[in-house]
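*Asks:* Fold the following, please.
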Amino acid sequence: MVKKLLNPLVVCGFVLVLMLGSLAHLMYGNCQTTKFHYMMQAYWMPDNLPEWVLVDDDKILEHPNNFTGIWFVWHENGVKRSEVNYLRGQPNGSLRTWHNNGELAAETYFNSKVNERLLKWFYRGGIKHMEIVFYNKNMQFATDWNEDGSLNKKEYYDDKGVFIKRELYKDNKLTKTETTE
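*Replies:* Down below sits the predicted model:
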């Protein structure tokens with residue numbers, strides 16, 4: 001009689017330990033393991049669990065200081081919010097962000113080498129509508145497109161970020177050049 005009762009108890013205990021272990025891993029494991037780990041730790045736990053269960057560290061979802069790799073952040077609805085490449089804790093390479101409907105919002109390219117070049121692209125309705133180039137934290141060049149994809153304007157800046165000129169376009173043809181801001 002004890003043998004028959006023991007087997008189901010052992011099996012149930014084993015299944016319970018597996019379930020609790022999986023839940024604990026979702027709650028306290030690395031938030032970059034899957035999007036469900038991130039969503040559990042960023043949204044579901046703070047909203048649904050008592051305070052004594054929560055980890056008392058606001059920085060748990062931030063990348064470690066010397067992190068190298070790709071860091072993902074997710075919207076609450078499960079759509080990717082951002083994807084950033086890091087090299088020794090500094091953004092290096094691409095950073096892409098999305099709206100919560102899944103549409104690409106912006107792309108940035110970091111070059112954390114000596115010249116600190118930064119490129120940014122912004123999207124509206126899936127079409128690129130602005131591009132900005134920075135060099136040593138100063139804007140160098142900006143291009144703006146109309147909603148139909150035609151060129152609207154280009155702006156040029158010197159090495160210190162001081163405005164040089166603006167070119168205005170209509171139907172992709174240069175119509176006016178301004179030299180004062």
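*Asks:* and the nearest residue to Phe134 once chain neighbours are set aside, helix, strand or coil?
*Replies:* Residue nearest to Phe134 in three dimensions, not counting chain neighbours: Leu118, with 4.0 Å by C-beta to C-beta, 6 or more residues apart in numbering. C-beta here means a position set from N, CA and C on the backbone, and glycine is covered the same way. What DSSP: H, G, I helix; E, B strand; the rest coil gives for Leu118 is strand.
*Asks:* How about the one 5 residues further on?
*Replies:* Under three-state DSSP, Tyr123 falls in the strand class.
*Asks:* Check the gap between it and Ile164 for me.
*Replies:* 27 Å (C-beta to C-beta, to the nearest Å).
*Asks:* One more: Lys80?
*Replies:* 38 Å.
*Asks:* For my notes, confirm Asn7 occurs in a helix.
*Replies:* Yes: assessed by three-state DSSP, Asn7 belongs to a helix.
*Asks:* Share the number of residues neighbouring it, please.
*Replies:* If you count neighbours by other C-beta atoms under 10 Å, Asn7 ends up with 10.
*Asks:* Helices of the protein, residue ranges please.
*Replies:* Using DSSP state H, the helices assigned to the chain run over residues 2-28, 35-39, 45-48.
*Asks:* Return the per-residue confidence for the most centrally placed residue in the chain.
*Replies:* The centre of the chain sits closest to Ser82, judged by C-alpha atoms, centre = their mean, with a distance of 1.8 Å. pLDDT, Ser82: 92.
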